[in-house]
Every structure is written in structure tokens, then in C-alpha cells.
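K.L.:
I would like the atomic coordinates for the input below:
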Amino acid sequence: MKFFLIARACAVLGCCWALVGGAVHAATPPVFVLNSLEASVSVIDPVTWSETVRIPTGKEPHHLYLTPDEKSVIVANALGDSLTFLDPRTAQVQTTVRGIVDPYHLRFSPDMKWFITAANRLNHVDFYRWDGKTLTLVQRVATSRTPSHLWIDSRSATVYATMQDSDELVAIDIATQTIKWRVKTGPMPADVYGTADDKRLFLGLTGSDSVEVFDISGREPKSIHKIKTGEGAHAFRAAGDGRHLYVSNRVANTISKIDMTTYQVVDSYPVPGGPDCMEVSPDGRFIYVSSRWARKLSVVDTQTKKVVRQVAVGKSPHGVWTLQHAPR
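P.N.:
All right, here's what the predicted structure looks like:
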């Protein structure tokens, strides 16, 4: 109880740390929700479940990603051609990097050498060198229509990009920044998730009601399964157990839980307002999801299969992220 009261007092005062019993304890990190049509980030206190501040960003922030040193979370402002760096623990704005063209989706390679962005409206994928401080553009790779989401394999050898409006999956060699192959997919592929062994990719088919599974273990990619989840299958988040994967079905207003070994839907959760990007609590019990059309962050209890709370945020909430989350 003593620690709880001290931690809450520090949060109110804007402090970053509380000293208790001779040890330093971090306050509970906030939950970030990107408001795509408001050019802002809602900062949510996960103890009181209230919005503590709304931070201005560049136009159309859609996705965000943690720097390898875990000192900054980067918000990609697609229409603002900029990146906003925030402290993942205090939500303080650290810096704004301009001149990053159309950063819709973003990822760091596991070896921490590359920062890669998908230019959604301009049809290219960009490779930046990252030295821990500075981003330097090295190559701009022309793709197909509307590159959407990215996935990088565990060896930092290949980046996979979905092409939302040409219905393709493209593989790009990271060392040479050249396209290795491309393959047709189902309609409007969006998010992409790779298994830990780098053998399979799961694609959310937003123009359909399914998740498409590709075997990428051989020389040529092969579509091996389609898992019916719900209309508008869109974004993924790992459940944290190494076996299950959540997918949000924006049109169906549901979240499906997929067994990645059997390709079966093993559970489903109703979520109103067009569920989009998700985060999962450290214990795996709760899903934090942006209800895109309702201007809410919805919290789903996976045990009761109910939305247990909603927090009002800005217009068209999209990306959701917090430092404390289930394993991915």
C-alpha cells in the first residue's frame, strides 16, 4: 500500500521515479494511443484508465515503434513527413525528426543496424542507417501499390511488405536493398506477422474475412492456408505464449485468437467501433485495442470475453503501444 501511494503521488507530480526502501522503482509506463485524424497522441494512465495528456504530433500518426536502446518510442507521422520521439516511461517529447518521407509503418531490424519505413501513399520502402542517434537514408526501393505493413526476419536478412492496393506480398533483401520476390495475396493485405522460426507469415486480409498463411521456408513462397476470422481482418498482436496470435476484424467488430500451429480460431471477442491495433497486458489477460470509429481505447478481458472499460481518445485512433506488454 505504501509503495502504491508513493507511486501515485509521483505520477501526479510528474516525477519519473519513486525511492522506496532504498531501491529505485519505475512508475507504471503509460499506454499510448495514436489519433490519426487529429495529429495527436493520447497518453493513458493504466492505473486510473484516464487520459492524462494529449500530445500534438505531425499529421496522420499511424504506427509507433521502440528504439533498440528502449529510450524512445517513435511515432511515425505519415502525412507530416516526420517522426516524433517520446520517452516511453514519462511520455515527454524528446525530439522531432523531419524529412522522413511518408513514414506510415516502421520497424528496426533485429541487429539494430536498419530502420525501415513503408511509404504508404508514395509506393516505396525506405532504408535508413541507424547509429543510435541519427537516421541516414541509404536506399529507396520502389514497390507496388500502397505498401502497408512490414515484418523483418530474425536474421535481419529480409523485410516483408504487404501491398494493400495491388494485393501482393513483397520480399526485399536487406543487404542489397533489392526485391527478392513478389507473390499475389488475397484482397487488401494489411498487417503481417512472422513465426519465430522464420518459416511462416500470417497476413490480415482487410478486404476479406480471413488471415492468409504463407510458407516462406523454401525458395518460393507458397500460400498454404486461409483462416476465416471475420470481415476486415487487419492487425496482429502476439498473445504472449508463443503459440497464439490475435487478429482484429475491423468490419466484423471482433478480435479472433488464432492457434498458429493448427491454423484454427480458438476464441473470439466482441469489440465495438472497428477494432484496429492492439496491445496485450503483461499477464496476457487484457487486450488494449483502438476502436477506430468510436474514438475509444477499449480494454477486453479475455477471461470474461467482454469489454470491461473504454477510454475516450481522439479522432480515428490507430496505433496502441505500451512498454509493459506480453512477450511478442
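K.L.:
Where do the helices of the chain begin and end?
P.N.:
Using DSSP state H, the helices of the chain run over residues 2-13.
K.L.:
in the protein, what spans have low per-residue confidence?
P.N.:
1-26 (pLDDT under 70).
K.L.:
my guess is residue 214 meets residue 205, correct?
P.N.:
No - counting by CB atoms under 8 Å, residue 205 is not a contact partner of residue 214; they are 11.9 Å apart. To be clear about C-beta, it is placed using only N, CA and C from the backbone, and glycine gets the same treatment.
K.L.:
Between the two, tell me which one has more neighbours.
P.N.:
Comparing residue 214 with residue 205 by neighbour count (other CB atoms under 10 Å), the higher total belongs to residue 205, at 25 against 21.
K.L.:
Quick check: bridge partners of that one?
P.N.:
Under the criterion DSSP bridges, residue 205 forms beta bridges with residue 189, residue 210.
K.L.:
That one: what's it in contact with?
P.N.:
185-190, 211-212, 226, 233 (CB atoms under 8 Å, 6 or more residues apart in numbering).
K.L.:
measure it to residue 169 for me?
P.N.:
As for residue 205, its distance to residue 169 is 11 Å (criterion: CB to CB, to the nearest Å).
K.L.:
what's the answer for residue 254, then?
P.N.:
24 Å.
K.L.:
just the contacts of residue 205 now: which is nearest residue 82?
P.N.:
The closest of the contacts of residue 205 to residue 82 turns out to be residue 190 (CB to CB; 23.1 Å).
K.L.:
Give me the number of neighbouring residues for that closest one.
P.N.:
23.
K.L.:
Correct me if wrong: it contacts residue 206.
P.N.:
Yes - using CB under 8 Å, residue 190 is in contact with residue 206, at 4.5 Å.
K.L.:
what do these two both touch?
P.N.:
164, 233-234.
K.L.:
Kindly indicate the member of those residues with the most neighbours.
P.N.:
residue 233 (34 neighbours).
K.L.:
Please name the bridge partners of it.
P.N.:
Going by DSSP bridges, residue 233 forms beta bridges with residue 249.
K.L.:
That one reaches residue 202, doesn't it?
P.N.:
No - at 9.8 Å, residue 233 and residue 202 do not qualify as touching, with contact defined as CB under 8 Å.
K.L.:
okay, and the common contacts of the two?
P.N.:
With CB under 8 Å, 6+ apart, residue 233 and residue 202 have common neighbours 211, 247.
K.L.:
Next, count neighbours for residue 179.
P.N.:
A total of 16 residues lie near residue 179 under the criterion other CB under 10 Å.
K.L.:
That one and residue 172 touch, don't they?
P.N.:
Yes - assessed by CB under 8 Å, residue 179 is found in contact with residue 172 at 5.5 Å.
K.L.:
list the residues that contact both of these two?
P.N.:
Joint contacts of residue 179 and residue 172 (CB under 8 Å, 6+ apart) are residue 141.
K.L.:
hey, where'd the strands end up in the stretch 51-200 of the chain?
P.N.:
Along the stretch 51-200 of the chain, counting by DSSP state E, counting those that start in this stretch, strands occupy 61-66, 73-77, 82-86, 93-98, 105-108, 114-119, 124-130, 135-142, 147-152, 158-163, 168-173, 178-184, 189-194, 200-205.
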